[in-house]
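[1] no sequence on hand, only this structure:
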């Protein structure tokens, strides 16, 4: 097989190709670097020094790269800070000596640590003669009937069964959950805790409410909330077993 002949491109063809798409030069890093190194003292006033254009293009590329890195680092930093906050919250909850102390911390200390406005624990209660799984008197603990629970969860309830966490914006919170503070709630996260008792399985959820609409939105990452919910549930189970 004969070697393929190299195609010779005339200066005119090359010129026409460049004129039809000038960006082909400015998008090539090697060409930009060589243009930046060129020196020609004989350049006249009527000649455009393309080195300035090349440098401006390089500066734009560098700015875009720096901006991308800044956004990536900011996201990583926020994720790291979120993980630290969740860990600190779990450590505070582990200080509790009983469920009363536990839910007092849930009500008073945990919201500030994890940067939300309200934290609530809800559990399903029915007509059973058995007491609620968590049988204490606390503003942080809310008992709901099946109808109340279904009404509260709404269509997002399906996400809880599929993923364990649902996040949503709301025009106002549910009064069964937040009482007279419900009108301040603009977004919330609902975490399925899946607690087990000795006598039955009980639907239980951890609710995080915020006055900021953008705090919890559908489609956000749920890993941190899942881990926090898991730790929260395990601590409650330890108290229930004791």
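    That came in fine, so what should we check first? If you're wondering where the values come from, they're calculated on a predicted model, not measured in any experiment.

[2] nearest spatial neighbour of residue 121, chain-adjacent residues omitted?
    residue 141 (5.2 Å; C-beta to C-beta, 6 or more residues apart in numbering). In short, each C-beta sits where N, CA and C put it, glycine included.

[3] tell me how far the one you found lies from residue 104.
    Applying C-beta to C-beta, to the nearest Å, the value for residue 141 to residue 104 is 11 Å.

[4] the two: who's more crowded?
    Higher neighbour count among residue 141 and residue 104: residue 141, with 19 against 16, using other C-beta atoms under 10 Å.

[5] for that one, which residues are in contact?
    Contact analysis of residue 141 by C-beta atoms under 8 Å, 6 or more residues apart in numbering lists 103, 120, 121, 122, 123, 134.

[6] in strands, which of the residues you listed appear?
    Under the assignment DSSP state E, the contacts of residue 141 contribute 120, 121, 122, 123 to strands.

[7] hey, what's the third one bridged with?
    Taking DSSP bridges, one finds residue 142, residue 205 as the beta-bridge partners of residue 122.

[8] need the contact list for it.
    141, 142, 143, 144, 149, 152, 177, 204, 205, 207.

[9] one more time with 6 Å
    Contact analysis of residue 122 by C-beta atoms under 6 Å, 6 or more residues apart in numbering lists 142, 144, 205.

[10] again with the last one
    Residue 123 is in contact with 132, 133, 202, 204, counting by C-beta under 6 Å, 6+ apart.

[11] now name the helix or strand holding residue 100.
    Counting by DSSP states H and E, the element that carries residue 100 is helix 99-108.

[12] likewise for residue 225?
    Element membership of residue 225, judged by DSSP H and E, is helix 223-241.

[13] now do that helix, average pLDDT.
    On average, the pLDDT along helix 223-241 is 91.

[14] then stretch 193-213?
    79.

[15] quick check: end-to-end length of it?
    24 Å (C-alpha to C-alpha, to the nearest Å).

[16] where does pLDDT dip in the protein?
    1-9, 11, 14-15, 18, 22-58, 71-77, 126-131, 156-162, 195-201 (pLDDT under 70).

[17] residues in contact with stretch 83-103?
    105, 109-110, 113-114, 136, 138, 140-141, 224, 228, 231, 235, 239.

[18] correction: the previous question concerned stretch 166-180.
    Stretch 166-180 is contacted from outside by 118, 120, 142, 148, 152, 156, 159-160, 182-183, 185, 187, 189-190, 207, 209, 213, 216-218, 220, using C-beta under 6 Å, 6+ apart.

[19] for PyMOL, what selects the buried ones among those residues?
    A single PyMOL command selects the buried members of the contacts of stretch 166-180 (16 or more other C-beta atoms under 10 Å):
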select buried, resi 118+120+142+148+152+159+160+182+185+187+189+190+207+209+216
